[in-house]
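> please find the sequence and the predicted model below.
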Amino acid sequence: MARYDSPAALAALVQPHQVHRDIYTDPEVFQQEMKHLFANAWVFVGHESQTPNKGDYFSTHIGTQPVIQVRHSTGDIHVLLNRCPHKGTKIVIDRQGNTGKFFRCPYHAWSFKTDGCLLAIPLKKGYQDTGLEETDSGKGMRSVGDVKNYRGFIFARLAEEGISFEEFFGESLTSLDNMVDRSPAGRLEVVGPPLRYMHHCNWKMLVENQTDTCHPMVAHESSAGTAVKLYEELGLPEDAPKPPAMEIIAPFMSPYDFFEGMGIRTWPNGHGHTGVKHSIHSDYSAIPGYFEALCDSYGEEKAKAILDENRHNTVYFPNIMIKGPIQQLRVFIPIAADRTVVESYIYRLVDAPDELTARTAMYNRMINAPTSIVGHDDLEMYERAQEGLMVDGLEWVNIQRLIEDDEDFEVEAVENGTTERQMRNQFHAWVKFMTMGQTAEAAE
Amino acid sequence: MSVTRDTLIDFIYDEVRMLDEGRYTEWLDLWLPDGHYWMPLDYQQTDPINETSLMYEDMFMLKLRVERLNGARTFSQKPKSRCHHVIQRPFVDEMDTEAGRFVTTTFMHYVETRLDEQQLLAVTARHELALVEGRLRIANKRVDIVNCDAAFRNIQLLP
C-alpha cells in the first residue's frame, strides 16, 4: 500500500508544532527520504585528507547509496557510485585504499579511470555493433550530480539538477570556517578511523538530539552527575588539576539557565547551532603555545575572534553535526527506518600543539563511543522512543517548545537556547527537500 | 610472596570472575592508582592519546563507570546488563620476578547481554602486572576487540 508516494501526503506529516510518528517508523517514508531528500540535499561525503594522494579512495554512503570518494589524476576529488555499470558489482569493498590510475572491477575486469570514464573492456569486440555505448552500462561509473570541496570537506548532491552548494548552506558555513580557522595553517587532517556506533532508531532522532538542550542534565545525570559527586568526594584543593573527565563530562550537568542563555541560531535549509554566546566547550583550559601560533598566522585580533566562538553543536542538514571548538564531525548514516550507524570523526589542527588533538580524542571516546557512559544513555532514549512510537492513537511527536506564530525559517534567527526552533527548522527543510521538483507534477 | 606462572594465571582467572560477578569494589582494588584501561579503536593501534580509542580510562573514569552502573537514574542499566567471560589459559609473555613486573596475554570470548539482546566479542587482553608490597596488582590493561572496526551496539560492562 503506497500511502506516501505523493508530496501532499509527505507534507501532511509535518505540522508547525508536531510531526507524525510515521516520519520515524514507516519504511515507505524512509524510502522516500532516500529517493528525494538525500538526492536533493548536499550531503557530507568525507574529508580530503582521507584521500591525500592520486588514486586514493574512501568508500562510504550518501543515504543508502554506496559511493566512492577518489582523488583523480588531476588532483581533484570525484565522487562515484560504487557499482560496476556492467553487472552491479561493488567496485571497492574495503573502506579505503589506493587504486592506482584506474578502478578495475574484480568480476569481469571492466576498468575505469578515476573520474569514472570507461577505460577498457576485455574482449571488447563482443560488443561491436551492439550499441553498448548507447546504454548506461557503456558510459562508465556514474558520478553523483555535483561535488564541492569546501575547505577540505567533501559534499555531494546526488541529483543532476538542483540547489547550489552556496545557496544550500549560506551563512551556516561560518561554523565550518571557524573549525578550519582554528588551525594556524587553515587546514585540518583526519585522525584515525571513526568511532562506529549502531543505533536501532531513526536517523532523525540523532540529528534532533544535537540541539536538544533540555536533555543533558536529565538523561546524563548518571554520568555527569556522578562525575561531579566523585570529584567532590576526592576533596582536592581548588587549584589542583581536575581529572580530565571533569572538564569533558561535568559541563553536561549545567543547569537549565546555562542552556537557555547559550542561545540557538537557525539558518535556512535546516541548518542551525547551539552555543551562540557560550557552550559546554567554553571553559576548556588553555593549551600552551596555541594562542601564540594562531596570532602568528592571523594577528591577535582575528586569533581572539576565532577562539571567542564557542559554538557547541552545528547541525548541517540533513545528517551531520560538527563541533568547531574540538574539531569533531559526526555523521548519522541512515540504514533503515529503525537503523542508523553513527560515525564520529576527529581532525587534527595542522600546526597546532598535539594536546588539542589529545583533548579531541578524549572527548570522542568519553562521549560518543559505543563504550561511552554518556552515549549509553542517549542510545537508550532514542531506542525507547523508537519502540514507544508504535503506540497507536497517540501518533504525534511534539516540537513546540518556545514556538512563535508564523515562524519564518527562510531567515536567520537567534533564540533562547532551549527553543525547539531548530527541530522545526529541520522539518521545514525536510518537507522542502522531500517534495522538491515534485510539486508541479503533483498539481497536474 | 613469590610469583609463579600459576600465580599470574590464577590472577587473570580471578579478575574476570570478579567482572562477571559484578564485584567491582574488589576489582578496582586490583589496580595501581596510575593504571589505564585501554581498548583501542584501530587494529594494532599504538597511540592511546592522540587518536580515538574506545576506552582509555584512568582510575577516576573507571570509578565513575563502576559507580554509575548502580545509580538510581542510570537509564541504560534499567534493567542491568550481565556479562560472561570464557578465557583461554593466559600466556605469560614476560616474567621479571626481580623487578616484580609481569605481562600476560589472554584470549577471551566476552558475552554481554541485556533484555533480548546478546553480543559476543572475541577479545585479547594484555595485562601488565606488578608486585607491590607483596600484592599482585594491575599496572595497565589493554583489551583488543578482534572486530574493532565494526559498528557496535552499547558495550556497557567491562571485557
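Thanks, I have it.

> looking at the chain, which residue ends up farthest from its center?
Went with chain A since none was named. Farthest-out residue of chain A from its mean C-alpha position, per CA atoms, centre = their mean: A:D129, at 46.5 Å.

> wait, chain B
Largest centre distance within chain B, by CA atoms, centre = their mean: B:E98, 25.5 Å.

> any idea how far it is from A:T130?
Plainly put, B:E98 is 79 Å away from A:T130 if you go by CB to CB, to the nearest Å. All C-beta atoms are positioned from the backbone trio N, CA, C, and that covers glycine.

> same question for B:Q77.
Distance of B:Q77 to A:T130, computed by CB to CB: 64 Å.

> looking at the two, which one has more neighbours?
More neighbours surround B:Q77 than the other of B:Q77 and A:T130, with 20 against 10 (other CB atoms under 10 Å in any protein chain shown).

> what's the burial count for the closest residue to the more buried one other than its chain neighbours?
With CB to CB, 6 or more residues apart in numbering or on different chains as the criterion, B:Q77 has its nearest non-adjacent residue at 5.7 Å, and that residue is B:L69. Applying other CB under 10 Å, we find 20 other residues in the vicinity of B:L69.

> so the residue farthest from the centre of chain A, which of the three states?
Classification of A:D129 using DSSP: H, G, I helix; E, B strand; the rest coil returns coil.

> excluding chain neighbours, what is closest to A:G63?
Leaving aside its sequence neighbours, A:G63 sits nearest to A:F38 (CB to CB, 6+ apart; 3.1 Å).

> what sits up against stretch A:17-28?
Outside stretch A:17-28, the residues within contact range by CB atoms under 8 Å, 6 or more residues apart in numbering or on different chains are A:2-5, A:12-14, A:29, A:201-202, A:204-205, A:336-338, A:385-386, A:389-390, A:395-400, A:403, A:424, A:427, A:430.

> toward the C-terminus, what is the element adjacent to the helix or strand where B:K63 lies?
Element membership of B:K63, judged by DSSP states H and E, is helix B:59-69. As assigned by DSSP H and E, the chain's next helix or strand after helix B:59-69 is strand B:82-87.

> how far off centre is that next one?
11 Å (CA atoms, centre = their mean, to the nearest Å).

> that strand pairs with which strands, and in what direction?
Strand B:82-87 pairs in its sheet with strand B:101-114 (antiparallel), by DSSP bridges.

> on contacts alone, who are the packing partners of the lengthiest helix in chain B?
As assigned by DSSP state H, the longest helix anywhere in chain B is helix B:5-20. The contact analysis (3 or more CB pairs under 8 Å, 6 or more residues apart in numbering or on different chains; DSSP states H and E) places helix B:5-20 against helix B:24-28, strand B:82-87, strand B:91-96, strand B:101-114, strand B:117-132, strand B:135-145.

> could I get those as CSV with mean neighbour count?
CSV is the format used below for those (neighbours: other CB atoms under 10 Å in any protein chain shown):
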stretch, mean neighbour count
helix B:24-28, 16
strand B:82-87, 16
strand B:91-96, 14
strand B:101-114, 18
strand B:117-132, 17
strand B:135-145, 19
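
> dump those to a markdown table, plus mean pLDDT and distance to A:C295.
Output for these, formatted as a markdown table (pLDDT from 0 to 100; distance: least, CB to CB, whole Å):
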| stretch | mean pLDDT | distance to A:C295 |
| --- | --- | --- |
| helix B:24-28 | 97 | 45 |
| strand B:82-87 | 98 | 51 |
| strand B:91-96 | 98 | 48 |
| strand B:101-114 | 98 | 46 |
| strand B:117-132 | 98 | 42 |
| strand B:135-145 | 98 | 39 |
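
> which stretch among those approaches A:N53 most closely?
strand B:135-145 (29.0 Å; CB to CB).

> mind listing what that closest one pairs with, with the direction of each?
strand B:31-40 (parallel), strand B:117-132 (antiparallel).

> what's in contact with the last one?
This means strand B:117-132. So strand B:117-132 is in contact with B:1, B:3, B:8, B:11-12, B:15, B:32, B:90, B:93, B:100-113, B:136-147, B:152-153, B:155, B:159, going by CB under 8 Å, 6+ apart.

> likewise for stretch B:84-103?
B:2-3, B:5, B:8-9, B:12-13, B:16, B:19-20, B:104-113, B:126-132, B:136, B:139, B:159.

> just stretch A:372-386 next, same as before
A:24-25, A:197, A:199-202, A:205-206, A:209, A:215, A:219-220, A:222-224, A:249, A:252, A:338, A:365-369, B:64-65, B:68, B:74-76, B:153-154, B:156.

> among those residues, name the buried ones.
A:24-25, A:197, A:199-202, A:205-206, A:209, A:219-220, A:222-224, A:249, A:252, A:338, A:365-369, B:64-65, B:68, B:74-76, B:153-154, B:156 (16 or more other CB atoms under 10 Å in any protein chain shown).

> and those, which of them are in strands?
Among the buried ones among the contacts of stretch A:372-386, DSSP state E puts A:Y197, A:H199 in strands.

> got any ranges where chain A has weak pLDDT?
Applying pLDDT under 70 to chain A picks out residues A:1, A:439-444.

> which residues touch the residue in the stretch 1-150 of chain A positioned nearest to chain B?
Nearest residue of the stretch 1-150 of chain A to chain B (CB to the nearest CB) works out as A:R95 at 7.7 Å. By CB under 8 Å, 6+ apart, the residues touching A:R95 are A:F58, A:S59, A:T60, A:P193, B:D149.

> which stretch of helix or strand covers A:V45?
strand A:43-47.

> show me the contact partners of that strand.
Here strand A:43-47 has contacts from A:58, A:60, A:62-63, A:67, A:69, A:79, A:147, A:152-158, A:188-190, A:316, A:318-320, A:329, A:331, A:345, A:347, using CB under 8 Å, 6+ apart.

> which residues does residue 81 contact?
The chain I'm using is chain A. A:L81 neighbours (CB under 8 Å, 6+ apart): A:Q65, A:P66, A:V67, A:I68, A:M141, A:R142, A:S143, A:V144.

> nope, chain B please
Residues near B:S81 by CB under 8 Å, 6+ apart: B:E112, B:T113, B:R114, B:Q156, B:L157.
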